[in-house]
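**Student:** What follows is a predicted protein model with its sequence.
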Amino acid sequence: MRTARQLTTAAALAVTSAGLCAAPASAGPAGGLQVTPATVTPGTTVTVNTTACGRDATATGDASAVGAGTFALASKARAEVASGRFKVPSSAQPGTYEIVARCAGSGGREVAGDLSVTLTSTASAREEQPVPVPVHPKGHVKTGVGGALGPDPVKTAAGVAVLALAAAGGTWLLHRRARGDRI
């Protein structure tokens with residue numbers, strides 16, 4: 001008897017949790033505003049969808065918080081989904097911004113969603129952005145040791161010539177001294 005009651009309770013909990021976990025197929029969270037992609041880099045085009053405006057509805061979107069201004073949302077393929085796009089300006093600073101849409105019908109209902117702007121690219125943003133070419137360092141390392149004449153080959157050759165002349169002169173003077181000649 002106890003086992004049957006436990007099985008019945010477990011089955012009821014499983015059905016209830018499955019019902020709670022199943023999400024409705026909609027364009028946004030409970031008639032809210034879906035922002036895709038939710039995390040972007042400056043210069044990325046963002047798509048906004050909502051089911052809050054009802055069938056054959058239009059809306060006006062406001063992305064001025066991120067600096068993109070207003071944009072239109074309209075029903076296209078699926079009549080119950082109003083959709084629109086805007087481009088995040090290249091001057092946008094990192095942070096989280098609220099994107100708002102106001103339905104033309106439905107009593108001017110307003111819905112909002114969040115857009116996160118970052119300077120590091122994500123997988124979806126990389127598809128739209130060119131891949132940067134790595135820059136390798138060039139030139140000499142300034143360590144403070146040697147290199148008084150610098151990398152100029154003419155100056156280096158002149159320095160070597162002066163050193164060779166000094167060595168030759170020193171050798172000649174030592175040779176004369178060894179022979180006993182007076183200078």
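**Tutor:** That came through fine.

**Student:** the strands in this structure, which residues?
**Tutor:** With strands called from DSSP state E, the chain shows them at 33-36, 39-40, 45-50, 59-62, 70-75, 82-87, 95-103, 110-117.

**Student:** In CSV: the ones you listed, plus mean pLDDT.
**Tutor:** CSV is the format used below for the strands of the chain (pLDDT from 0 to 100):
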stretch, mean pLDDT
strand 33-36, 91
strand 39-40, 92
strand 45-50, 92
strand 59-62, 90
strand 70-75, 89
strand 82-87, 91
strand 95-103, 91
strand 110-117, 91
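
**Student:** would you turn the ones you listed into CSV with mean neighbour count and distance to Ala157?
**Tutor:** (C-beta placed from N, C-alpha, C; glycine too.) Formatted as CSV, the strands of the chain follow (neighbours: other Cβ atoms under 10 Å; distance: least, Cβ to Cβ, whole Å):
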stretch, mean neighbour count, distance to Ala157
strand 33-36, 20, 65
strand 39-40, 21, 57
strand 45-50, 20, 58
strand 59-62, 22, 69
strand 70-75, 17, 67
strand 82-87, 20, 58
strand 95-103, 18, 58
strand 110-117, 18, 56
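
**Student:** so which of the ones you listed gets nearest Gly169?
**Tutor:** Nearest to Gly169 among those is strand 110-117; the distance by Cβ to Cβ comes to 71.0 Å.

**Student:** Turn the strands of the chain into a markdown table, columns for distance to Gly180.
**Tutor:** A markdown table is the format used below for these (distance: least, Cβ to Cβ, whole Å):
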| stretch | distance to Gly180 |
| --- | --- |
| strand 33-36 | 98 |
| strand 39-40 | 90 |
| strand 45-50 | 93 |
| strand 59-62 | 103 |
| strand 70-75 | 101 |
| strand 82-87 | 92 |
| strand 95-103 | 89 |
| strand 110-117 | 88 |
